[in-house]
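1. Please find the sequence and the predicted model below.
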Amino acid sequence: MSNSASSAFAHNARKDRKKKEVADTGNLEERAALGHSEDSTGPKGSAANSAFADKKNIMWVLLSGGMAMTFIIMLFLPNTGMGDGMIATYSSMLWCGFFGAALWRYRGANGWTGFAIGSVVGFVLQVVSQII
């Protein structure tokens, strides 16, 4: 057996042992980390598998809001390189749009409407930062 084949075999053996240990313990978080899809077919599902599909996940609102605030603050601070230019306009519109979409989806409304409203708010904030 060649060296690469034996290392692949050893890796697969370790992987199989780890799967068996996890299956014996019944820990759902470890099983989801290994990619066991049978956990997500249950009545409650796995939290790791449904994080992207969950519209009520507050984490997306917080993350996109933090990024939007970062770019908005940079618009108003001197010498940050974000005051003028098309990149500043695009970034403020994009991140405010992401925040609006996440917030609207969290509230149960249409995410595209939230993205459009957030983008308009981002554009207005960029224009206001140029005036100030």
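-> Yes, it's here.
2. what's the following helix or strand after the lowest-mean-pLDDT helix or strand in the chain?
-> The helix or strand of the chain with the poorest confidence is helix 28-33; it has a mean of 54 (mean pLDDT, DSSP states H and E). Note on helix 28-33: by DSSP states H and E, the next helix or strand toward the C-terminus is helix 58-76.
3. elements contacting that following helix?
-> Applying 3 or more CB pairs under 8 Å, 6 or more residues apart in numbering; DSSP states H and E, one finds that helix 58-76 contacts helix 86-107, helix 111-131. C-beta: built from backbone N, CA, C; applies to glycine.
4. could those helices be laid out in a markdown table, adding mean neighbour count?
-> Formatted as a markdown table, the helices and strands packed on helix 58-76 follow (neighbours: other CB atoms under 10 Å):
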| stretch | mean neighbour count |
| --- | --- |
| helix 86-107 | 20 |
| helix 111-131 | 17 |
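5. Any chance of a markdown table for those helices, columns distance to residue 17 and mean pLDDT?
-> Shown next, in a markdown table, are the helices and strands packed on helix 58-76 (distance: least, CB to CB, whole Å; pLDDT from 0 to 100):
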| stretch | distance to residue 17 | mean pLDDT |
| --- | --- | --- |
| helix 86-107 | 41 | 89 |
| helix 111-131 | 43 | 92 |
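6. possible to save those helices as CSV with distance to residue 14?
-> Below are those laid out as CSV (distance: least, CB to CB, whole Å):
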stretch, distance to residue 14
helix 86-107, 40
helix 111-131, 42
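7. wait, which of the ones you listed is closest to residue 15?
-> Residue 15 lies closest to helix 86-107 among these, at 36.3 Å (CB to CB).
8. Report the angle between that closest one and helix 58-76.
-> Angle of helix 86-107 versus helix 58-76, following axes from the mean of the first three to the mean of the last three CA atoms, to 10 degrees, is 150 degrees.
9. Touching helix 86-107 from outside, list them.
-> Contact partners of helix 86-107, identified using CB atoms under 8 Å, 6 or more residues apart in numbering, comprise 55-58, 60-61, 63-65, 67-68, 70-72, 75, 82, 110-119, 121-123, 125-126.
10. same thing but at 7 Å, please
-> With CB atoms under 7 Å, 6 or more residues apart in numbering as the contact definition, helix 86-107 has outside contacts at 55-56, 58, 60-61, 64-65, 67-68, 71-72, 75, 82, 110-111, 113-115, 117-119, 121-123, 125-126.
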